[in-house]
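*Asks:* What would the 3D arrangement of this be:
(chains A, B, C and D)
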Protein chains: 2
Amino acid sequence: MDEIDRKLVRLLQDDAGRSYASLGQAVGLSGAAAHERVRKLRERGVIRRTTVDVDPAELGRPVTAYVLVDGSTWMGDTAERLRDIPAIEEAHVIAGPASLLLKVRTATTRDLQRVLRQVFEVEGVTSTQTVVVLETFFERPSDPEL
Amino acid sequence: MDEIDRKLVRLLQDDAGRSYASLGQAVGLSGAAAHERVRKLRERGVIRRTTVDVDPAELGRPVTAYVLVDGSTWMGDTAERLRDIPAIEEAHVIAGPASLLLKVRTATTRDLQRVLRQVFEVEGVTSTQTVVVLETFFERPSDPEL
DNA sequence: AGCTTCCTGTCGATCTCATCCACGGCCAGA
DNA sequence: TCTGGCCGTGGATGAGATCGACAGGAAGCT
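*Replies:* Numbers count the residues shown, from 1 in each chain, chains lettered A, B, ... in the order given. All right, here's what the predicted structure looks like:
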């Protein structure tokens, strides 16, 4: 995981469709060598997969919110129950003012309300506090610079 | 933006490297037709770019935190100042208990502390409250269903 | 030092796949 | 019925991914 690897990751984050030839040229390697490095980055799990970045608003989900969830019991398999709710994009266990933090995207605030009801129906949930996003400055991938 | 488009987006989110032929087969179209649809999805901005999904932990940033930021004045060009801090992955203006919500990834909690100091140095910031992530259940892309 | 092994790179051949073009069917409106 | 726009198909072609064989260099061992 040297400087070249980091550069490769950064270039691929920007455009995963680039040819290996141009990739190699950009980092001062042959195309095949660049290909080999990328292959290993995948193998090691640094690169999980190649995907497309979609605009949630264009998909009809302009509403973003973060939800702080408090629970009474220890929520064992809560993860799976939350995963079943498609509007939830992220779910974290946190240290601080609540037990869980969720990131939610919906089409309308009405839909957001419905999602909150679904969250409430998950066993162990006692209360939620919702933070609505008014404007997103930016959302970007992890910077590979160590 | 019909059912086929949504299916294409979902397939590409899972693996953007698929051949257009197999893509077409999966949705009951020819490769060329699938290609044309994807081209238009890009043109319309539904698909912003093709990228790689990297594991932040493998990149040496296992610490994730959310930071609630409060500010006194109206923070006009705060966005650019925050963008200059590489550890900040997301920045949102929110309605609720604070003005801004940031998502931060660092190598250590010590680095997190340094980022917080940098945030404090941004003009207008009066206080921060940090929520540290203990465990991430999941982080996934937007579901293209409706 | 001499040898082995592993890692990383180059070069060239092959074969898949993206890309482009011409054509055909379908539908709405005049 | 005619016409134009839209959306699809199928085929040709050229670019590029992919694979194998080989070379140089570093590290470890006898």
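
*Asks:* all contacts plus neighbour counts: C-alpha atoms, from now on.
*Replies:* Will do.

*Asks:* Give me the domain ranges for chain A.
*Replies:* Following automatic domain parsing, one gets these domains for chain A: A:3-43, A:63-132.

*Asks:* ok, the last one near chain B or not?
*Replies:* Yes - using C-alpha under 8 Å from any C-alpha of the partner chain, we find that domain A:63-132 touches chain B at A:79, A:83, A:86-87, A:89-97, A:105, A:131-132.

*Asks:* Likewise for the shortest one?
*Replies:* Yes - using C-alpha under 8 Å from any C-alpha, a contact is recorded between domain A:3-43 and chain B, made by A:9, A:12, A:13, A:14, A:15, A:16, A:17.

*Asks:* ok, and what's touching stretch A:100-108?
*Replies:* For stretch A:100-108, contacts defined as C-alpha atoms under 8 Å, 6 or more residues apart in numbering or on different chains pick out A:56, A:60-70, A:87-94, A:112, B:142.

*Asks:* Quick check: neighbours of the longest strand belonging to chain A in the sheet, parallel or antiparallel?
*Replies:* If you go by DSSP state E, chain A has its longest strand at strand A:125-139. Strand A:125-139 has the following sheet partners, assigned by DSSP bridges: strand A:63-71 (antiparallel), strand B:88-95 (antiparallel).

*Asks:* Which one, of those strands, ends up nearest to DNA strand D?
*Replies:* strand A:63-71 (27.5 Å; C-alpha to the nearest atom of the strand).

*Asks:* List the buried residues of that closest one.
*Replies:* Neighbour-count burial for strand A:63-71, counted by 16 or more other C-alpha atoms under 10 Å in any protein chain shown, picks out A:63, A:64, A:65, A:66, A:67, A:68, A:69, A:70, A:71.

*Asks:* And the helix or strand following it, how far out from the chain middle?
*Replies:* Going down the chain from strand A:63-71, the next helix or strand is helix A:78-83, by DSSP states H and E. On the basis of C-alpha atoms, centre = their mean, to the nearest Å, helix A:78-83 sits 16 Å off its chain's mean C-alpha point.

*Asks:* what's helix A:78-83 in contact with?
*Replies:* Counting by C-alpha under 8 Å, 6+ apart, A:88, A:91, A:119, A:122, A:123, B:137, B:138 sit against helix A:78-83.

*Asks:* Close to DNA strand D: what parts of chain A are there?
*Replies:* With C-alpha under 7 Å from any atom of the strand as the criterion, chain A meets DNA strand D at residues A:18, A:19, A:20, A:21, A:31, A:32, A:35.

*Asks:* tell me the least confident of these?
*Replies:* Within the residues of chain A next to DNA strand D, residue A:31 has the lowest pLDDT, namely 84.

*Asks:* how near is that one to residue B:102?
*Replies:* 38 Å (C-alpha to C-alpha, to the nearest Å).

*Asks:* Which of these two has more residues huddled nearby?
*Replies:* residue B:102 (22 against 17; other C-alpha atoms under 10 Å in any protein chain shown).

*Asks:* and the residue in chain A that DNA strand C sits nearest to, what is it in contact with?
*Replies:* Evaluated by C-alpha to the nearest atom of the strand, chain A has residue A:30 as its residue closest to DNA strand C, separated by 3.0 Å. Residue A:30 sits next to A:21, A:24 when contact means C-alpha under 8 Å, 6+ apart.
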